[in-house]
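Undergrad: need coordinates for the following:
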Amino acid sequence: MSAVLHFVPRAELDPSTNVEAFVKLCRVSEVLSANTQFEQNIWDAGHFKGQNKAHRVVFSTLEAAAKSEPEPSLPAPFLDFAKAMIVFLQDKRPVESQAPRIAALRCLEAALRQLNKALRPTAVNPEVLDAAVELAKAQVSASVAYRWAGQLQDIAKAMHANRFITLRQPWNHGQKKPSESGTRISKEALQARHDKLPSKAVLRALAGTFTQATEAPDVLVSSISALMICAPERINEVLRLRRNCLVEGEGEFQGKLGLRWPGSKGFENTTKWLPSEMVPVARKAVANLLQVTAQAHELACWYTKNPDTVYLHEGAKHLRGKSDLSLAEIALLLWDDEANKQSAKTWVNVTQKLTGFKGADGQVRYRFPDVERAVLGMLPSTFPFMPGDPDLLCKDAIAVIPVNAMHSIKRTYVCMFKTVDYQSITDHYGARNGRGTSIFERYGYTEDDGSPLELRSHALRHYLNMLAHTGGLSSAEIALFSGRKDLKQNRAYDHMTSDEVQAPISDALRNGFTSDLVTVQPERNLIERPEFRGLGIPAAHTTEFGWCQHDFASEPCQMFADCINCEEQECIKGEAQKESNLRNLKEETEFLRSKARHALGEEAYGADTWVAHQVKTLERINALLEILQDPNVSVGARIRLDLTNAPIITNDDAHPIKFIRRSRQKTLV
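TA: A predicted model of the protein is given here:
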């Protein structure tokens, strides 16, 4: 989406006045619903995918946040500036979580206080910014502090660009990115990889609970876990599956089973075709989920059609039309249990705070419309849509369940449903203290040494990615299989050791892979040393199209041998073979461009990247050929293209010639 906030600072105004205008603009913006909640100090920023809990932006001080307290709030005048900056940055560089940004602003405010700058945003300078970074480092881990420092750098850049402050040069936080455990050879990296993977005992327990589970919570947890074993998906994606998620293959996928997976992190919704061995597991898991969520599905369908009318089950339909209800009737409506009058009393008086009255029989009664309104108030806040997915109706989702159905003690409501969020599942994995017994404990599974089993949902994604890596899938296949938009994201999930990486190469060498290879002597164009010195090239080698001036003694090729797109290559007019190579490259590139454009039309993954590359390559080829064909350019002229495709031509006895791109006229420099 294009930016909706366009703030233009006025040079004739002082910084404070520009800040006031900036706050005034952001106050009425629809970004983050600032126009409706700007005066509040706790903002609702929507829902994360797969979560019921609303994402909130709390404008508290650094000290309050450290204690998880919402107050005290940031003091004025910094408070309004912080709110406006959150809105402005979200408009320019939207992020899913506002936590790092508000944390950076808290550190900035604390630094102003520390340096006695009177909490004025206009008093921010490099000293204040450096102090804010130090406060961040003292509060959190190095990796989190690095992210906060990055947000401080963005804030400083925006403040300088909008003339709230003046910086002699762009401020850089100067923090080194914490070392990551991505290397394969250190003991720490080996342990880090091990910690991200599920243990063998956990995998055995997942299989066991999947076949043994009978109670609704266990069936739900084990079946969702089974689906995460079928394909390396994020838990939020499993929780946004549709009830009709199974796809029977046709054509080239005849006999295959697919799952309609919702995408996240920039990856589109897609159908994932499952390995044949996992098809029975996926079918049983989906069947289990449809069965255990059938009652909630019925409720979701009812409320979608009747959003203002309470659902009454078969045994409570006679209550429809009554003006008031007794405690026994309320218990019947809520839990299908007339005897549970004490819980009904707590619900109306404590939970819902309804006002009762004494009926003719001397018993306390409650108005039916009040009870109905209280029940309807329990609907998901995003109803009729699922939290974090404005395109998925609750009635079409598989992750719905009656209220309290996942609770081991509280009674399950028969008149209201809720959406299942990730915490409802992960609480049963045993990785969070104080969350009750895990599904593994309930079925008697432990680690081999007898210790309790623990699982983090993302560990299953790591495990399947490890299998894909060791199984020889390409990076593109792994990214597609995992629902990643960027191939580079595969790196964090590569758990192969150095020995495992080298094993295929070692096996190939042992099996005589190189025995039939013939050494090919490349054609070399040699010149006399005096001639080479005359060219004025300190280090060079020949390419298909000319010379490359890159000094390989200082660093390797940064273009990965993509010579035509490199500004260090020079061509010499008059070399017929190399000009022929250039024409052949043009023909091949035009063919590849047409193929890439066709793939783009078919919405193939990564096609847009290839179209852009082929178009850029073709532009440079045509620019080079145009110069070679120009009769005004003498034979022997050295031709080089800069990064903007602007050609520079030199002769031993001539000035450089530059082409003016718009007019294509030449001018001497």
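
Undergrad: in stretch 313-329, which residues are buried?
TA: For stretch 313-329, burial by neighbour count (16 or more other CB atoms under 10 Å) applies to Ala316, Leu319, Asp324, Leu325, Ser326, Leu327, Glu329. (Each C-beta comes from the backbone N, C-alpha and C, glycine too.)

Undergrad: correction: the previous question concerned stretch 369-389.
TA: Across stretch 369-389, burial judged by 16+ other CB under 10 Å covers 370-372, 374-376, 379-380, 382-389.

Undergrad: what packs against the longest helix belonging to the chain?
TA: Across the chain, the longest stretch assigned as helix under DSSP state H is helix 576-601. Counting contacts by 3 or more CB pairs under 8 Å, 6 or more residues apart in numbering; DSSP states H and E, helix 576-601 packs against strand 569-572, helix 607-628.

Undergrad: quick one: contacts of the last one?
TA: If I follow you right, that is helix 607-628. Helix 607-628 is contacted by residues 545, 564-565, 571, 573, 579, 582-583, 585-586, 589-590, 592-593, 596-597, 599-600, 633, 639, 641, 645, 647, 649, 659 when judged by CB atoms under 8 Å, 6 or more residues apart in numbering.

Undergrad: one more: the first one?
TA: Outside of strand 569-572, the residues within contact range by CB under 8 Å, 6+ apart are 543, 545-549, 563, 578, 582, 624, 628, 636-640.

Undergrad: thinking again about what came up before, mind checking which of the buried residues of stretch 313-329 land in helices?
TA: Leu327, Glu329.

Undergrad: out of the buried residues of stretch 313-329, which is nearest to Phe417?
TA: Ala316 (16.1 Å; CB to CB).

Undergrad: in contact with that closest one, which residues?
TA: Contact partners of Ala316, counting by CB under 8 Å, 6+ apart, are Glu329, Leu332, Leu333, Asp336, Cys415.

Undergrad: which single one of those residues is nearest to Val144?
TA: Nearest to Val144 among these, with distances taken as CB to CB, is Cys415, at 43.3 Å.

Undergrad: need the contact list for the closest one.
TA: By CB under 8 Å, 6+ apart, Cys415 lies in contact with Leu299, Val310, Tyr311, Leu312, His313, Ala316, Leu333, Leu334, Val375.

Undergrad: quick one: the third one from Val219, how far?
TA: Shown here: Tyr311 relative to Val219, a distance of 23 Å by CB to CB, to the nearest Å.

Undergrad: check the last one too.
TA: Note on Val375: its distance to Val219, by CB to CB, is 26 Å.

Undergrad: ok, back up a step: so which of the contacts of strand 569-572 belong to helices?
TA: Counting by DSSP H, those contribute Lys578, Leu582, Leu624, Leu628 to helices.

Undergrad: would you turn those residues into TSV with distance to Trp347 and neighbour count?
TA: Formatted as TSV, those follow (distance: CB to CB, whole Å; neighbours: other CB atoms under 10 Å):
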residue	distance to Trp347	neighbour count
Lys578	85	19
Leu582	81	19
Leu624	79	24
Leu628	85	19
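
Undergrad: how about those, which pair is most distant?
TA: Pairwise over those, using CB to CB, the maximum falls at Lys578 and Leu624, 10.5 Å.

Undergrad: what is in contact with the two at once?
TA: Residues within reach of Lys578 and of Leu624 at once, by CB under 8 Å, 6+ apart, are Phe545, Cys571.

Undergrad: ok, so of the buried residues of stretch 313-329, who is nearest Gln139?
TA: If you rank the buried residues of stretch 313-329 by distance to Gln139 using CB to CB, Leu327 comes first, at 50.6 Å.

Undergrad: wait, the closest one touches Thr346, no?
TA: No. Here Leu327 does not reach Thr346: they are 10.0 Å apart, not a contact under CB atoms under 8 Å.

Undergrad: closest to Ala123 among the ones in helices among the contacts of strand 569-572?
TA: Taking CB to CB as the measure, Ala123 sits nearest to Leu624 out of those, at 54.4 Å.

Undergrad: can you give me the pLDDT of the closest one?
TA: Note on Leu624: pLDDT of 85.

Undergrad: ok, back up a step: show the buried residues in the contacts of helix 607-628.
TA: Neighbour-count burial (16+ other CB under 10 Å) applied to those gives 545, 564-565, 571, 573, 579, 582, 585-586, 589, 592-593, 596-597, 599-600, 633, 639, 641, 645, 647, 649, 659.

Undergrad: so which elements touch the helix or strand hosting Thr346?
TA: Using DSSP states H and E, Thr346 sits within helix 341-346. Helices and strands touching helix 341-346, by 3+ CB pairs under 8 Å, 6+ apart, are helix 327-335.

Undergrad: what mean pLDDT does the helix it packs on have?
TA: Averaged over helix 327-335, pLDDT sits at 95.

Undergrad: go through stretch 107-123 and flag the buried ones.
TA: Residues Cys107, Leu108, Glu109, Ala110, Ala111, Leu112, Arg113, Lys117, Leu119, Pro121, Thr122 are the ones in stretch 107-123 that count as buried (16+ other CB under 10 Å).

Undergrad: now the fourth one: how far from Leu257?
TA: The gap separating Ala110 from Leu257 is 55 Å, by CB to CB.

Undergrad: go on, the fifth one?
TA: Here Ala111 is placed at a distance of 57 Å from Leu257 (CB to CB).

Undergrad: save the buried residues of stretch 313-329 as CSV, and put in distance to Ala54 too.
TA: Listed next are the buried residues of stretch 313-329 as CSV, based on distance: CB to CB, whole Å:
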residue, distance to Ala54
Ala316, 32
Leu319, 33
Asp324, 34
Leu325, 31
Ser326, 35
Leu327, 32
Glu329, 33
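
Undergrad: mind checking how far Ala374 is from Trp43?
TA: Remark: distance between Ala374 and Trp43 (CB to CB) = 27 Å.

Undergrad: can you check Leu203 too?
TA: According to CB to CB, Leu203 and Trp43 sit 42 Å apart.

Undergrad: quick one: which of those two has more around it?
TA: A side-by-side neighbour count of Leu203 and Trp43, using other CB atoms under 10 Å, places Trp43 first with 23 against 16.

Undergrad: could you look up the SS state of that one?
TA: Secondary structure, DSSP: H, G, I helix; E, B strand; the rest coil: Trp43 is strand.
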